[in-house]
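> starting from these lines, generate the structure:
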Amino acid sequence: MKIKIGKDELEYTRPTLKSWLALQDLGLKLHKAVEKHDDVAKHCVFYVSTALSIPEDKLENLSWYEVAVALQTIQITNAPKYNFPFLNMRIKDTKECWDYDERTWYIWSHLFAKDYGWSLEYISALDVDDAIALAQEIAVEEQLKKEWEWMTSEIAYQAKDGFKELPRPDWMRYSSEPPKIPKIRIRKDFLPSGIGYKAPQPKGSPRTV
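Reported below is the predicted structural model:
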């Protein structure tokens, strides 16, 4: 993607994971600045400057429209190719006491280093879509493992109405009602001979995965 900066046209491609995460953090700061009407122009210039690796003063001499177009082009280019549910998780407005600037990169790198044993250099060079997809699969696997351990524990069956499901993250829940399993009818002459018994279904039985 070509981006026009003054008289120059710069070629821009979506960065790999580490640089992409840094821009995501800057984008979040820009979003908060827009909400508070606080130094929006300054955040826009810094975002574009960081993405294109050019000095801020080169952008400060441009019209606001040119900077805005460059910002929009960069964000469109950086967008993931797929609609990952994992990215729809809610972000807390309040920071934890152990948070710090640029922690996002270390959260992601720790995740892949722990599960796959990859080096920081290898993780930083990951394609963004590959990284998001793998992070989602890790999160799904961990959640299903927790649900299995929960189903086999006594705590899950202590509720008055029987089995109590382990809550799932928002992005793993159905947006409305879960899909209904269709009833399948089989002709009698296709069934094996003998007496058939229907197993009773206990109230509040756990869901199947």
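> how about Glu66, what does it touch?
Contact analysis of Glu66 by C-beta atoms under 8 Å, 6 or more residues apart in numbering lists 4-6. C-beta here means a position set from N, CA and C on the backbone, and glycine is covered the same way.
> got a winner among those for most neighbours?
When neighbours are counted by other C-beta atoms under 10 Å, Ile5 leads the contacts of Glu66 with 17 neighbours.
> that residue touches Ile54, doesn't it?
Yes. Here Ile5 lies in contact with Ile54, judged by C-beta atoms under 8 Å, at a distance of 6.8 Å.
> thinking again about what came up before, mind putting the contacts of Glu66 in JSON lines, pLDDT included?
Output for the contacts of Glu66, formatted as JSON lines (pLDDT from 0 to 100):
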{"residue": "Lys4", "pLDDT": "89"}
{"residue": "Ile5", "pLDDT": "90"}
{"residue": "Gly6", "pLDDT": "86"}
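> quick one: which of the residues you listed sit in strands?
With DSSP state E as the criterion, strands contain 4-5 from among the contacts of Glu66.
> which among the contacts of Glu66 gets closest to Val40?
Nearest to Val40 among those: Ile5, at 19.3 Å, using C-beta to C-beta.
> secondary structure element for Leu10, which one?
strand 8-11 (DSSP states H and E).
> quick one: strands adjacent to that strand?
Sheet pairing for strand 8-11, assigned by DSSP bridges, gives strand 2-5 (antiparallel).
> from Gln24, how far off is the residue most central in space within the chain?
Among the residues of the chain, the one closest to the centroid is Leu87, at 2.3 Å (C-alpha atoms, centre = their mean). Leu87 is 10 Å from Gln24, where distance means C-beta to C-beta, to the nearest Å.
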